[in-house]
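Student: Structure, please.
(2 chains)
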Amino acid sequence: MPVTKEMLRAMLESLGGLDMTDDELEKAVPQVQIYADQAAKLQALDLSEVYSGRLLHPEEGTTRS
Amino acid sequence: MTTESLNLLTITELAPLIQSREVSPVEVVEAALAQADALQPVLNSFITLLADDARRDAKEREQAIKAGDYRGPLDGIPIGIKDNLATKGIRTTVGSKVLRDYVPQEDAAAVEACRRAGAIVIGKENLHEFAAGGTSENPHYGAVHNPWDIERIPGGSSGGGAANVAARVTHASIGTDLAGSVRIPASYCGVVGLKATFGRVSQRGIQVTSHNGDHVGPMTRSVADCAIMLQVLAGNDPADPSTVPVDVPDYLSLLGQSIGGLRIGVPTNYYFDMVDDEVDASIRKAISSLGELGANVSDVEFATLKYMELVRAGTGADSFIAHEHLLKQHRDDYSPELASRMLASQFSLGRDYAKALKVQRLIEDEFAQVLQDVDIIATPTMAFPPRRIGADTAMISGKEHPLRVSGAGDLYLGHNTHVSNATGLPTITVPCGLTSEGLPIGLQLIGRPFEEALLLQAAAQYEKISGWGNSAPELTN
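Tutor: Predicted structure coming up:
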């Protein structure tokens, strides 16, 4: 999804955050675009099998699949 | 002994001379201050030199040692402290204009530990602005220069410390490492740098940092000196809940042990992705040397590292939160580049951050699995040699590539180092050669949690046969 200055301004207004000037928003767009691209990859990733606890040693029993 | 010859000694060589009172801490500190005065105009490695304090402390240690109060191998040794570690009564700028007059009321835990061991702090060392990048091109205090080629970056963010150790100004320096900030400059300046296991060394007193993955670590001229420093720095700190109450072994006594039978894994992916031909050859040769020492070398693969970019995307939110209060009141005192990066980071969503942490866990899990089959993983510390100061490209195998200082991007200084911050695993860099242009190359060794002793042992054995230990740039001649 292409990130725009208007989108960032709307996010700041609705979600709060540090105010940014027009120039600052302009400069932020390409960086936020990188984050957005990475976030899209994150959303596409199935992490349902990643648990907070794990068994480290196979010989002690079953490991996570 | 002449001033010059004192500067050239490692801590391991100097300590017995101080203990036997053949050499006084006063002489050693005078030698270090003379070298600092001579090279500060060239390297710009200090933000604040502490000549008067250092002379006073050296005199105190001289008297104490004379009275029988010798505290161990760091006693009377001149060291440098990165200027993002709090020092009581001494300004701590964090390389920023925002904190140019900030004077902490207490020492960071690492500074406390070094002082307790008798070390003499001779200065606060220059760094990347807010330690938030890998070049040490500081817009407020000037760029740090690499002693091997003063037109090149020393790496960062602990660039002043690595430059000082390499240029024989300090005998050790203390840095911090959130994405490679000890190991990047150590590698680029041809010295040893260690990031211990997350939880091994107290982070208390690192100023303006992320809550996720920062470490305090030493830079030294030899592996034995690194062991001495870790001995002093390691241990549980009740005031820092991130430290872990595990035993601290006697690192120095384990250094001489053979690495016969040690299992070393060499990654087939990620760490060699963008590697320069000369760096590649040097690393492969170093790994062969470890094999000749009796280690069993095999290939390993890290399928999950293709997601490392996603972890990095998440870390932006941590940085923003560390800076939010300062950005509110002092935004104009930030460099435009850093302000812009930090402000952009506020758009990270909690959902994405939480997922990035899960990806981090995925990577941690894979390292834990691989480190059941091998004892140590060997990689290049830096995939390519240090670039010229002010350049926005790096040369890789004779071709120019666009370079980003930090944050997400194609070619990132922390590519090979940042992974160990995500996993928290102990990681050391040790010099393993020079490029045809005379620029240092570093071998990175990664171990299991709290197995720093094994890393130091392997690094020491390699150092002994490599001939690269304690190599000095021409500038010091």
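Student: Which pLDDT does the model give the closest residue to B:L413 other than its chain neighbours?
Tutor: Once flanking residues are discounted, B:L413 sits nearest to B:G134: 3.4 Å by CB to CB, 6 or more residues apart in numbering or on different chains. Every C-beta, even on glycine, is put in place using the N, C-alpha and C of the backbone. Note on B:G134: pLDDT of 93.
Student: what do you get for A:A44?
Tutor: Listed pLDDT for A:A44 reads 87.
Student: Next: A:L25.
Tutor: Reading off the model, A:L25 has pLDDT 95.
Student: ok, it - how many residues close by?
Tutor: By the criterion of other CB atoms under 10 Å in any protein chain shown, A:L25 has 20 neighbours.
Student: So which residues make contact with the helix or strand hosting it?
Tutor: Using DSSP states H and E, the element containing A:L25 is helix A:22-44. Here helix A:22-44 makes contact (CB atoms under 8 Å, 6 or more residues apart in numbering or on different chains) with A:1-5, A:8-9, A:20, B:309-310, B:312-313, B:316, B:336, B:339-341, B:343-345, B:347-349, B:352, B:355-356, B:359, B:407-409.
Student: Off-centre distance for that helix?
Tutor: Helix A:22-44 sits 9 Å away from the centroid of its parent chain (CA atoms, centre = their mean, to the nearest Å).
Student: now stretch A:17-33
Tutor: 17 Å.
Student: Please apply the same query to stretch B:291-303.
Tutor: 25 Å.
Student: Also stretch B:10-24?
Tutor: Chain-centre distance of stretch B:10-24: 25 Å, with CA atoms, centre = their mean.
Student: Please identify the buried residues of that stretch?
Tutor: Judged by neighbour count (16 or more other CB atoms under 10 Å in any protein chain shown), stretch B:10-24 contains these buried residues: B:T10, B:I11, B:T12, B:E13, B:L14, B:A15, B:L17, B:I18, B:Q19, B:V23, B:S24.
Student: Would you verify that the fourth one is located in a helix?
Tutor: Yes: according to DSSP: H, G, I helix; E, B strand; the rest coil, B:E13 belongs to a helix.
Student: quick one: low-confidence ranges for chain A?
Tutor: For chain A, applying pLDDT under 70 flags the ranges A:53-65.
Student: if I look at the residue nearest the centre of it, how far off is B:V223?
Tutor: Nearest to the mean C-alpha position of chain A, counting by CA atoms, centre = their mean, stands A:A39 at 3.8 Å. Noted for A:A39: a distance of 41 Å to B:V223, by CB to CB, to the nearest Å.
Student: B:S253 now?
Tutor: Distance from B:S253 to B:V223, by CB to CB: 14 Å.
Student: Next: B:D250.
Tutor: Distance of B:D250 to B:V223, computed by CB to CB: 15 Å.
Student: Neighbour count for the two, which is higher?
Tutor: Higher neighbour count among B:D250 and B:V223: B:V223, with 30 against 10, using other CB under 10 Å.
Student: got the contact list for the more buried one?
Tutor: Going by CB under 8 Å, 6+ apart, B:V223 touches B:V192, B:L255, B:I428, B:V430, B:L456, B:A459, B:A460, B:E463, B:G469.
Student: Which PyMOL command selects the buried ones in those?
Tutor: This is how PyMOL selects the buried members of the contacts of B:V223, with burial counted by 16+ other CB under 10 Å:
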select buried, chain B and resi 192+255+428+430+456+459+460+463+469
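Student: In terms of model confidence, name the weakest of the contacts of B:V223.
Tutor: Among the contacts of B:V223, B:G469 has the lowest pLDDT, at 80.
Student: circling back: just the buried ones from the contacts of helix A:22-44?
Tutor: A:3, A:5, A:8, A:20, B:309-310, B:312-313, B:316, B:339-341, B:343-345, B:347-348, B:352, B:355-356, B:359, B:407-409.
Student: In helices, which of those fall?
Tutor: Among the buried ones among the contacts of helix A:22-44, the ones falling in helices (DSSP state H) are A:5, A:8, B:309-310, B:312-313, B:316, B:339-341, B:343-345, B:352, B:355-356, B:359.
Student: what does chain B put close to chain A?
Tutor: By CB under 8 Å from any CB of the partner chain, the residues of chain B that approach chain A are B:307, B:309-310, B:312-313, B:316, B:324, B:327-328, B:336, B:339-341, B:343-349, B:352, B:355-356, B:358-359, B:361-362, B:365, B:368, B:372, B:407-409.
Student: wait, doesn't B:D280 sit right on B:F272?
Tutor: Yes: between B:D280 and B:F272 there is a contact under CB atoms under 8 Å: 6.6 Å.
Student: Now do the shared contacts for these two.
Tutor: Jointly contacting B:D280 and B:F272 under the rule CB under 8 Å, 6+ apart are B:P380.
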